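**Q** turn this into a structure:
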Amino acid sequence: MLEDAALRDSEIERLSGIVGEKEMELEDMEDKLRVVSAPLPSTPSSIYNPTKGDAVDEYLAKYINMMQC
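**A** The predicted model follows:
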């Protein structure tokens with residue numbers, strides 16, 4: 001009977017350690033998620049101005065400005 005209580009206490013300690021580790025992992029994942037899901041600025045800080053007459057550069061500028069790179 002005393003051995004059963006000691007076994008249960010040992011198992012409780014082991015499981016508490018596992019729960020603590022998982023809680024720390026979860027906090028790390030939540031921190032990473034906050035960084036990844038942070039809102040992007042609604043307006044670009046600058047606009048890419050293409051070289052006039054350069055069709056490729058104009059298309060590239062259109063894409064860059066549309067994607068707010």
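
**Q** could you name the helices and strands sitting against the top helix by length along the chain?
**A** Criterion DSSP state H: the longest helix present in the chain is helix 2-36. With contacts taken as 3 or more Cβ pairs under 8 Å, 6 or more residues apart in numbering; DSSP states H and E, helix 2-36 sits against no other helix or strand. To be clear about C-beta, it is placed using only N, CA and C from the backbone, and glycine gets the same treatment.

**Q** downstream neighbour of it in the secondary structure list?
**A** Note on helix 2-36: by DSSP states H and E, the next helix or strand toward the C-terminus is helix 55-67.

**Q** name the residues that touch that next one?
**A** 44, 47-52 (Cβ atoms under 8 Å, 6 or more residues apart in numbering).

**Q** the helix or strand of the chain with the lowest mean pLDDT: which residues count as buried?
**A** Taking mean pLDDT, DSSP states H and E as the measure, the chain has helix 55-67 as its least confident helix or strand, at a mean of 89. Neighbour-count burial for helix 55-67, counted by 16 or more other Cβ atoms under 10 Å, picks out Ala61.

**Q** and what of stretch 4-19?
**A** For stretch 4-19, a neighbour-count test (16+ other Cβ under 10 Å) marks nothing as buried.

**Q** average pLDDT for it?
**A** Across stretch 4-19, the average pLDDT comes to 95.

**Q** and if you look at stretch 26-44?
**A** 79.

**Q** check the offset of that stretch from the chain's centre.
**A** Relative to the centre of its chain, stretch 26-44 is centred 5 Å away, using Cα atoms, centre = their mean, to the nearest Å.

**Q** if anything else comes up later, I'll come back, but that's it for now.
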